[in-house]
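Novice: Quick one: sequence plus predicted model below, questions after.
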Amino acid sequence: MNARTTRTLAAALSLTAALAISGCSSDSDGSGDSANGKPKMTVSGGYMPEPVNDKMAGAFMVIKNDSKTADKLTGITSPLSDDLQIHETKDQKMQQVHSMDVPANGELELARGGNHVMFMGLKNTPKVGDKVTVELHFEKADPVKVELDVKERTYNAQNSNGH
Ligand code: CU
């Protein structure tokens with residue numbers, strides 16, 4: 001009787017230990033990012049330099065992936081335009097791409113002279129101080145709504161804010 005109780009207790013303890021270990025390993029293989037296993041994106045520093053006219057505008061921001069799952073930015077929508085594109089800059093020329101990697105535990109930087117969002121055709125021309133709402137779409141993560149601050153045309157996030 002006494003020996004049996006001890007065995008049962010030992011079995012229960014080892015089961016608890018096994019559960020704790022598998023809990024850890026599922027966390028490190030990338031499935032433990034959130035309850036549904038999707039990566040979660042944090043967007044900071046979003047801005048649009050004041051457009052010259054209603055033909056086009058660029059937008060810049062930093063998209064941070066705090067999860068262990070790599071993802072891709074696959075599209076952008078906004079009430080300001082029906083045609084938003086993802087552009088990369090190569091040899092000082094920009095070209096449209098259909099997605100951009102957001103690495104696991106990393107970030108995608110959209111900045112002047114490099115990758116950016118391009119509005120093709122605006123429904124109005126925003127002015128400095130206005131806000132422009134965009135929604136970012138990802139292959140895996142849920143869409144993220146971002147408010148872009150409309151800034152002076154010479155504004156450059158890299159030069160004007162330290163973080
Ligand atoms: Cu462009």
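Specialist: Cool, the structure landed. Just so you know, these numbers come straight off a predicted model, no measurement behind them.
Novice: Just list the residues touching V102, thanks.
Specialist: 39, 41, 63, 65, 70-73, 108, 138 (CB atoms under 8 Å, 6 or more residues apart in numbering). All C-beta spots, glycine's among them, are computed from the backbone N, C-alpha and C.
Novice: hmm, 10 Å instead?
Specialist: Each residue near V102 by CB atoms under 10 Å, 6 or more residues apart in numbering is listed here: 39, 41, 63-65, 67, 69-73, 108, 136, 138-141.
Novice: Could you do K38 as well?
Specialist: Counted by CB under 10 Å, 6+ apart, K38 has contacts 67, 69, 71, 138, 140-142.
Novice: Name the nearest of those relative to E50.
Specialist: F138 (28.0 Å; CB to CB).
Novice: Is the closest one bridged to anything, and to what?
Specialist: With beta bridges defined as DSSP bridges, F138 has these partners: L73.
Novice: cool, and K151?
Specialist: P49.
Novice: any idea of the pLDDT on it?
Specialist: pLDDT for K151: 98.
Novice: Derive a PyMOL selection command for the buried subset of the contacts of V102.
Specialist: Per 16 or more other CB atoms under 10 Å, the buried members of the contacts of V102 correspond to this PyMOL selection:
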select buried, resi 39+41+63+64+65+67+69+70+71+72+73+108+136+138+140+141
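Novice: Cross-check the contacts of V102 against the ion and keep the overlap.
Specialist: With CB under 5 Å from the ion as the criterion, the contacts of V102 include none near the ion.
Novice: Out of the contacts of V102, list just those in helices.
Specialist: Among those, no member falls in helices (DSSP state H).
Novice: sorry, back to before: most widely separated two among the contacts of K38?
Specialist: Distance extremes for the contacts of K38: the farthest pair is T69 and D142 at 12.7 Å, using CB to CB.
Novice: about what we covered before: closest one of the contacts of K38 to the ion?
Specialist: Each of the contacts of K38 was scored against the ion by CB to the ion, and F138 proved nearest at 20.2 Å.
Novice: Name all residues that make contact with the closest residue to T69 other than its chain neighbours.
Specialist: Nearest residue to T69 in three dimensions, chain neighbours excluded: P39, at 4.3 Å (CB to CB, 6 or more residues apart in numbering). Counting by CB under 10 Å, 6+ apart, P39 makes contact with 30, 33, 65-71, 102, 104-105, 138-142.
Novice: Let's see that with 7 Å instead.
Specialist: By CB atoms under 7 Å, 6 or more residues apart in numbering, the contact set of P39 is 33, 65, 67, 69, 71, 140-141.
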